[in-house]
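K.L.:
structure, please.
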Amino acid sequence: MKTFRIASRIRMASPMIHLPEVERLSPACIRILGGNPSKFTLQGTNTYLLGTGPDRLLIDTGEGKPSWIAALQRTLKEEKATVQYALITHWHHDHVGGISQLLEHSPQTVIYKNSPAEGQLNISEGQKFEVEGVTLTAIHTPGHTTDHIAFVLREEDALFTGDNVLGQGTAVFEDLSTYLKSLAKMEKLVSGRGYPGHGPVLLQASATISEYISHRHQREQQVLQTLASTRDDDTWTPMELVKIIYRDVSESLHIPAAHGVIQILRKLRDEDRVILEDGDSWRLKDRSNL
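P.N.:
Residues are numbered from 1 along each chain as shown. Here you go, the predicted structure:
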């Protein structure tokens, strides 16, 4: 039977603040919510209408909710503007699902995406997109997904973080090592605000990204300490680790938390610090590496 030397507690997620369906965040940036709130999408997917002239840029398209395209149409009418380009941060449905609605309303809009689908154009590292009042530079930042793109807004020294960094809570990722490299890259890009794929505006993007990096290292240490809390030959499944490390988090979030723990374990295995045994059981290789 396992006995525990640690019982690290984490803070419960803070309540979600209200965000208006449409809100001007700066002279050149309007946020339009995707109309799809949930525990995973927070207040809904953020889409951003950018520019100050008649031709605008749009970042992401939500998941195709009727309320989103209606809000976008109203906003464009008020702004006396059209969408020249739509830039997609990554392939997840809640960011690409509204593309068909957008094209029905605005067939002249050109869709850009890293690893594009048919009819779309590619986004590459360092590529620039410009409309009146806005200059965006694309930065390839894999981690949340392999095709993930962030955008630097030169005029505001601000960063559109996509789903690598959220306005509240932490993000999920496909590969932890890759994700940490992208966070380190993003941390140095701007000194101003962050516009995330979900949640409220980040007052200082670099500070939040630094917190994300520290948080991921903290989680890694919690995994190592929990593995070391029992005998050397004891093994742990990812969900057993979650029930200790995330004990103060709702069980409804334990499955996505287990995904993160698995990514930590894989990173530690690549570093030769843990061993995978019996399919889904893990143990510490050497206590001296803690």
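K.L.:
per-domain residue ranges of this structure.
P.N.:
What automatic domain parsing lists as the domains of the chain is 22-214, 215-285.
K.L.:
any idea which of those domains is most buried?
P.N.:
Comparing the domains of the chain by mean neighbour count (mean count of other C-beta atoms under 10 Å), domain 22-214 comes out on top with a mean of 19. To be clear about C-beta, it is placed using only N, CA and C from the backbone, and glycine gets the same treatment.
K.L.:
what ranges of the stretch 1-150 of the chain fall below the confidence cut-off?
P.N.:
Counting by pLDDT under 70, the ranges of the stretch 1-150 of the chain that qualify are 1-14.
K.L.:
how does it look with 80?
P.N.:
1-15 (pLDDT under 80).
K.L.:
who touches the spatially most central residue of the chain in this structure?
P.N.:
What sits nearest the mean C-alpha location of the chain, by C-alpha atoms, centre = their mean, is Asp163, with 1.7 Å. Residues in contact with Asp163 (C-beta atoms under 8 Å, 6 or more residues apart in numbering) are 89-90, 92, 95, 144-145, 148, 171, 196-198.
K.L.:
tell me the SS of the residue nearest to Gln120 when sequence neighbours are not counted?
P.N.:
In space, and not counting its chain neighbours, Gln120 is closest to Ile111: 4.4 Å by C-beta to C-beta, 6 or more residues apart in numbering. Here Ile111 is strand, with the state taken from DSSP: H, G, I helix; E, B strand; the rest coil.
K.L.:
let me have the domains of the chain in JSON lines, extended by distance to Pro15.
P.N.:
Formatted as JSON lines, these follow (distance: least, C-beta to C-beta, whole Å):
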{"stretch": "domain 22-214", "distance to Pro15": "9"}
{"stretch": "domain 215-285", "distance to Pro15": "13"}
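K.L.:
what segments of the protein are helices?
P.N.:
Here the chain has its helices, by DSSP state H, at 66-79, 93-96, 99-105, 176-187, 205-227, 238-245, 254-270.
K.L.:
quick one, which of these is nearest to Asp55?
P.N.:
For Asp55, the closest of the helices of the chain is helix 66-79, at 10.8 Å, according to C-beta to C-beta.
K.L.:
how distant is the closest one from the center of its chain?
P.N.:
25 Å (C-alpha atoms, centre = their mean, to the nearest Å).
K.L.:
do the same with stretch 137-147
P.N.:
In terms of C-alpha atoms, centre = their mean, the centre of stretch 137-147 is set 10 Å apart from its chain centre.
K.L.:
now stretch 96-104
P.N.:
The answer for stretch 96-104 is 21 Å, by C-alpha atoms, centre = their mean.
K.L.:
got a list of contacts for it?
P.N.:
Residues contacting stretch 96-104 (C-beta under 8 Å, 6+ apart): 34, 47, 58, 60-65, 68-69, 72, 83, 86, 88, 109, 111, 113.
K.L.:
could you measure from Ser252 over to Ser38?
P.N.:
Ser252 sits at a distance of 11 Å from Ser38 (criterion: C-beta to C-beta, to the nearest Å).
K.L.:
excluding covalently adjacent residues, which one is nearest to Thr135?
P.N.:
Nearest non-adjacent residue to Thr135 (C-beta to C-beta, 6+ apart): Arg154, at 4.3 Å.
K.L.:
correction: the previous question concerned Gly34.
P.N.:
Nearest residue to Gly34, sequence neighbours excluded (C-beta to C-beta, 6+ apart): Gly62, at 2.9 Å.
K.L.:
got a list of what the one you found touches?
P.N.:
Here Gly62 is in contact with 33-36, 44-45, 47, 68, 94-95, 97-98 (C-beta under 8 Å, 6+ apart).
K.L.:
what about it, distance to Asp280?
P.N.:
From Gly62 to Asp280 the distance is 36 Å (C-beta to C-beta).
K.L.:
isn't Gln204 right up against Val190?
P.N.:
No - contact criterion C-beta atoms under 8 Å: Gln204 and Val190 do not qualify, at 9.1 Å.
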